[in-house]
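Novice: What shape does this take:
(one chain, ligands or ions: 1)
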Amino acid sequence: MNDAPTLGTLDELPRAYLDAMAARNLVPLWPSLRGFMPVGAPRPRSVPSLWRYTEVRPLLMQAGDLTPIEKAERRVLVYCNPGHGLDGLHSSGTIYVGMQLILPGENAPPHRHPPVAVRLVVEGEGGVTIVNGERLPMQRGDLILTPSLNWHEHVHAGTGPVVWMDALDLPLLVAMEAAYVVEGDSRPSRNAPDASATRYRRAGLVPYASLAAPRAPYPLLRWPWEEVREALVALAADTPAGQAVQLAYVNPETGGECLPTLGFSALMLRPGEAAGLVRDSASKVFHVVAGLVDAEVGGTDLGAAEDADVFAAPPHAKVRLANRSTRQPAFLFQVDDAPLQRKIGIHERFAD
Ligand code: 1HN
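Specialist: Numbers count the residues shown, from 1 in each chain. Predicted coordinates:
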């Protein structure tokens, strides 16, 4: 590899020259070029980090006491990557993750916005997300999509708290200066609860009429965890030992990613199994659905992550996972920005 030459710095330039430029909203590129374009690999601000649900939960429940839903709209504690500080709502450079609480009888009112959001249900019974009038029941581990600009609201007619993890491409849309929200009235209920999961019940089967119709961009909105888990267990029989079993959530009409910017997958580590994931250029956030997993990210040992714990992996970081249990499988959910990276032609996978 060629050594890149050291570039000139700001303090080598005359003050009057810099002032003359600044007065005209100009700066020289070369003193900051390497900072924006490091040689060989990106230098992410994001750092490997872990949030433990046992530490988050009491603070989230306290939010339920302190802040009524009317004062919050969405009662969420945001998982801020320490490399980005506490202001920018970054879990990674592109991914926002938070834990949302809704209490019985509450209603998180309808709105729509350009950022995409997904929910991964953590605990509680009776929560419902309504997307464009379609009622989607929320159970532990279920994945629910709220695509860009689609109306969505959350209601809870059950008992006890309901908690889910939200993942959005908010940092990306903030960088694009494209984030805003429209508030509105509830969409008329379509009286077809969970219709998308009914129509796309099984992989490889689609409603016959859909072949003749223009494809809906988001035909499936909810993946019940029970079915994802079963599919992982089945795929484990066909996955070499020492390799994580991994399934991608895809659009059942196209077979492609189910949302344009963020990708979602489910992972299983068999009892006692340790596996390194293929290192790639995407940033990622992992959520432990069930189990006890040792996580090493970019050479940093994050320790053991258990149910509902979340950890972030910067772009290009190697991720190693090990199931601590020799009896039970461990299950994780992964969010990454690979779909966007693929679309703009920058996604890279590394052999190491
Ligand atoms: C949002 O709309 C929700 O609808 C949750 O539940 C979290 C964070 C930032 C911006 C919009 C929701 C959000 C959000």
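Novice: and residue 178, what is it in contact with?
Specialist: Counting by Cβ atoms under 8 Å, 6 or more residues apart in numbering, residue 178 touches residue 114. (Glycine included, C-beta is placed from N, CA and C.)
Novice: Three-state assignment for it, please.
Specialist: Under DSSP: H, G, I helix; E, B strand; the rest coil, residue 178 falls in the coil class.
Novice: Would you report the backbone torsion angles of it?
Specialist: When read as degrees, to the nearest 10, the backbone of residue 178 gives phi -120, psi 10.
Novice: One more: residue 23?
Specialist: When read as degrees, to the nearest 10, the backbone of residue 23 gives phi -60, psi -20.
Novice: Could you measure from it over to the ligand?
Specialist: 38 Å (Cβ to the nearest ligand atom, to the nearest Å).
Novice: Neighbours of that residue, how many?
Specialist: The tally of other residues near residue 23 (other Cβ atoms under 10 Å) stands at 8.
Novice: Ok, residue 204 next?
Specialist: Look at residue 204: counted by other Cβ under 10 Å, it has 5 neighbours.
Novice: With residue 189 instead?
Specialist: Neighbourhood size, residue 189 [other Cβ under 10 Å]: 11.
Novice: thought it was touching residue 132?
Specialist: No - the criterion here is Cβ atoms under 8 Å, and residue 189 misses it with residue 132 at 10.1 Å.
Novice: Within the helices and strands, which one has the closest residue to the ligand within the stretch 151-300 of the chain?
Specialist: As assessed by Cβ to the nearest ligand atom, the ligand sits closest to residue 166 within the stretch 151-300 of the chain, at 4.4 Å. Taking DSSP states H and E as the criterion, residue 166 maps to strand 162-168.
Novice: CA atoms of whichever helix or strand comes after that strand as CSV?
Specialist: Next in sequence after strand 162-168, counting helices and strands by DSSP H and E, comes helix 170-175. Output in CSV follows, covering the C-alpha atoms of helix 170-175 (Å, rounded to 0.1, in the frame of the first residue of the first chain):
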residue,chain,number,x,y,z
LEU,A,170,-33.6,8.8,11.6
PRO,A,171,-29.9,9.8,11.7
LEU,A,172,-29.7,9.3,8.0
LEU,A,173,-32.8,11.4,7.3
VAL,A,174,-31.6,14.1,9.7
ALA,A,175,-28.4,14.2,7.7
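Novice: can you list the residues that contact helix 170-175?
Specialist: With Cβ under 8 Å, 6+ apart, helix 170-175 has contacts from 88-90, 92-96, 114-115, 179, 261, 337, 340.
Novice: Just send these back as CSV, with secondary structure too.
Specialist: Rendered in CSV, the data for the contacts of helix 170-175 read as follows (three-state DSSP):
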residue, secondary structure
88, coil
89, coil
90, coil
92, coil
93, coil
94, coil
95, coil
96, strand
114, coil
115, coil
179, coil
261, coil
337, coil
340, helix
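Novice: For those, give me JSON lines that also has pLDDT and distance to the ligand.
Specialist: Formatted as JSON lines, these follow (pLDDT from 0 to 100; distance: Cβ to the nearest ligand atom, whole Å):
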{"residue": "88", "pLDDT": "92", "distance to the ligand": "12"}
{"residue": "89", "pLDDT": "97", "distance to the ligand": "7"}
{"residue": "90", "pLDDT": "98", "distance to the ligand": "12"}
{"residue": "92", "pLDDT": "98", "distance to the ligand": "15"}
{"residue": "93", "pLDDT": "98", "distance to the ligand": "16"}
{"residue": "94", "pLDDT": "98", "distance to the ligand": "14"}
{"residue": "95", "pLDDT": "98", "distance to the ligand": "12"}
{"residue": "96", "pLDDT": "98", "distance to the ligand": "6"}
{"residue": "114", "pLDDT": "98", "distance to the ligand": "10"}
{"residue": "115", "pLDDT": "98", "distance to the ligand": "6"}
{"residue": "179", "pLDDT": "98", "distance to the ligand": "7"}
{"residue": "261", "pLDDT": "98", "distance to the ligand": "14"}
{"residue": "337", "pLDDT": "98", "distance to the ligand": "16"}
{"residue": "340", "pLDDT": "98", "distance to the ligand": "18"}
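Novice: out of those residues, who's nearest residue 237?
Specialist: Nearest to residue 237 among the contacts of helix 170-175: residue 337, at 30.8 Å, using Cβ to Cβ.
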